[in-house]
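Participant: any chance you can model this:
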Amino acid sequence: MRTPQPPQDVPIREEPIRIGQFLKLAGLAEDGVHAREILEAGEVTVNGAPEHRRGARIRRGDVVSVAGRSVRPA
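Facilitator: Numbers count the residues shown, from 1 in each chain. Here you go, the predicted model:
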């Protein structure tokens with residue numbers, strides 16, 4: 001069984017940051033269209049809860065997960 005990795009910190013300039021922007025910054029989405037697609041498909045969680053809204057705002061310390069990879073704004 002694979003041990004979950006701790007979330008990787010991704011530096012941000014300002015908070016809150018929109019989740020679509022953060023997904024691109026963290027390398028979890030290729031572009032805005034891809035960010036929208038993975039959000040709409042239910043592939044994104046924030047602090048363990050599904051997130052579907054592209055304009056949702058996240059803050060430092062929130063944990064964003066996609067496809068087994070977790071990151072957090074720092």
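Participant: surely Val66 is in contact with Val44?
Facilitator: Yes. Between Val66 and Val44 there is a contact under CB atoms under 8 Å: 5.4 Å. Any C-beta I mention is one placed from the backbone N, CA and C, and that applies to glycine too.
Participant: pLDDT weak spots in the protein?
Facilitator: Residue ranges of the chain with pLDDT under 70: 1-4.
Participant: looking at it, which helix is longest?
Facilitator: helix 32-40 (DSSP state H).
Participant: next, the buried residues of that helix.
Facilitator: Counting neighbours by 16 or more other CB atoms under 10 Å, one finds that the buried residues in helix 32-40 are Ala35, Ile38, Leu39.
Participant: could you do stretch 10-19 as well?
Facilitator: Val10, Ile12, Ile17, Ile19.
Participant: adding secondary structure, write these out as CSV.
Facilitator: Shown next, in CSV, are the buried residues of stretch 10-19 (DSSP: H, G, I helix; E, B strand; the rest coil):
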residue, secondary structure
Val10, strand
Ile12, coil
Ile17, strand
Ile19, helix
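Participant: quick one: the strands in the chain, in order.
Facilitator: Along the chain, counting by DSSP state E, strands occupy 8-10, 17-18, 44-46, 49-50, 57-58, 64-66, 69-73.
Participant: and the residue nearest the centre of the chain?
Facilitator: Centroid-nearest residue in the chain: Val64, 3.7 Å away (criterion: CA atoms, centre = their mean).
Participant: still on that earlier bit, could the C-alpha coordinates of the longest helix of the chain be exported in PDB?
Facilitator: Presented in PDB, the C-alpha positions along helix 32-40 are these (Å, rounded to 0.1, in the frame of the first residue of the first chain):
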ATOM      1  CA  GLY A  32      -8.000  27.600 -17.600                       C
ATOM      2  CA  VAL A  33     -10.000  25.200 -19.800                       C
ATOM      3  CA  HIS A  34      -8.400  22.200 -18.200                       C
ATOM      4  CA  ALA A  35      -9.000  23.700 -14.700                       C
ATOM      5  CA  ARG A  36     -12.700  24.100 -15.500                       C
ATOM      6  CA  GLU A  37     -12.900  20.600 -16.900                       C
ATOM      7  CA  ILE A  38     -11.400  18.900 -13.800                       C
ATOM      8  CA  LEU A  39     -13.500  21.000 -11.400                       C
ATOM      9  CA  GLU A  40     -16.700  20.200 -13.300                       C
END
